[in-house]
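> Quick one: sequence and predicted model below, then my questions.
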Amino acid sequence: MACASPSTEAPTRAATSLEHLGLIGFVPVMGLCGLSLAWAQAAARMGDVATAVAQVVAVVAGVFMLALLGITLWRFMRWPMTRVHDAAHPVRHVFVAAPTVSLMLLATCGVVLDGPSILWDVLWMTGAAAQAVVTVWVVLRWLRSGASRWMGVTPAMLIPVVGNVLLPLAGLSLGHPLWTAVQWTVGAALWPVVLLLLVRRLQRLGPWPVRMRASVFILIAPPSVMGLGLMLWRSPLVWPVALWCMALAFVVLALWQLPQCFDQPFGWPMWSLSFPLTAFAALSLRLANAGVLPQLLALLVLALACVVVAALLRWTWWGLRSGDLLQPEPNPAPKP
């Protein structure tokens, strides 16, 4: 894969600032947690090696989460109006859910790799409760936004609205079956609603801007995560397999958009590729462990997810060093 690299020119000090590191910065935590969970599923075939990789990736995700929480709190105190700007933006407001989803995913990694504990229970309950509040807020905000509401309808809307389907991945092991079922049902019910809104938005306004095309990959996440949840509920395999097939269709659609995603300077929206692909890898491995899918196919999906996350980490390092990821607007740059 090739992506436009950060600008080689040093950005001005005024333009380069943590003030511009919005809540979308938590999306890499989601991708890393998803990769950790995918490697945890691979342990059935690869043993302790896969478990060790999953643990290392989970620790890295936890370090990222702590760093981002500290930076975000300092950012809100140093520039109080950023809180208003984050919530008022017609598109980026949906990333208010990124910290809550990241918190639930970290708790899930802890439960899967370390077993249930009070720490993971507290993190999970905090994230799940916050996710419910964010879901209500996003839906009400959209209903009240009037004629401009369609600007905010992007695949990223699936993060706050359908992020509730993550709950079974840890909630069942932590002993919260009713809470998990209620919130999962809300997310599952809103999923087709959001899909219909996305189709309607395309009809009204046409394709999303090129810089937002990577968000199409988010469509892969809901069926992948829902399939994992249904397998934990021991539902008939026909339903997880059907959701895997739907996720595969979205993978094909997203890959068709991929050339346009890379024909631009790298930015935070590119991390939209990470969690959906890792969630799809996790479901593929889970189905392969159940004897439904070929192991080789599942491992190839895992390999693809690893390559994507590694590339995103590399480009993020370049972008932070150059300051391009800490500017209010992306700067075009030549390809490496």
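Received, thanks. Numbers count the residues shown, from 1 in each chain.
> Low-confidence stretches in the stretch 201-336 of the chain?
Counting by pLDDT under 70, the stretch 201-336 of the chain contains low-confidence ranges at 329-336.
> repeat that for 50
Along the stretch 201-336 of the chain, the parts satisfying pLDDT under 50 run over 330-336.
> quick one: the helices in it?
Secondary structure of the stretch 201-336 of the chain (DSSP state H, counting those that start in this stretch): helices at 221-232, 238-262, 274-289, 295-322.
> The first one vs helix 238-262, what angle?
With axes from the mean of the first three to the mean of the last three Cα atoms, to 10 degrees applied, the angle from helix 221-232 to helix 238-262 works out at 150 degrees.
> circling back to that earlier point, go through the helices of the stretch 201-336 of the chain and pick out the most buried.
Sort those by mean neighbour count, taking mean count of other Cβ atoms under 10 Å, and helix 274-289 sits at the top with a mean of 27. The C-beta positions use only the backbone N, C-alpha and C, and glycine is treated the same way.
> For that helix, name the packing helices and strands.
Contact analysis of helix 274-289 by 3 or more Cβ pairs under 8 Å, 6 or more residues apart in numbering; DSSP states H and E lists helix 27-46, helix 221-232, helix 238-262, helix 295-322 as its packing neighbours.
> Any chance of TSV for those helices, columns distance to residue 150?
Conversion of the helices and strands packed on helix 274-289 to TSV gives the following (distance: least, Cβ to Cβ, whole Å):
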stretch	distance to residue 150
helix 27-46	23
helix 221-232	21
helix 238-262	20
helix 295-322	29
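> closest to residue 82 out of those?
Among the helices and strands packed on helix 274-289, the nearest to residue 82 by Cβ to Cβ is helix 27-46 (17.2 Å).
> which non-adjacent residue is nearest residue 169?
Leaving out its chain neighbours, the residue that sits closest to residue 169 by Cβ to Cβ, 6 or more residues apart in numbering is residue 108, at 4.5 Å.
> Run the angle between the helix or strand that neighbour falls within and helix 221-232 for me.
When elements are defined using DSSP states H and E, residue 108 is found to belong to helix 98-114. For helix 98-114 against helix 221-232, the angle between stretch directions is 30 degrees (the same axes, to 10 degrees).
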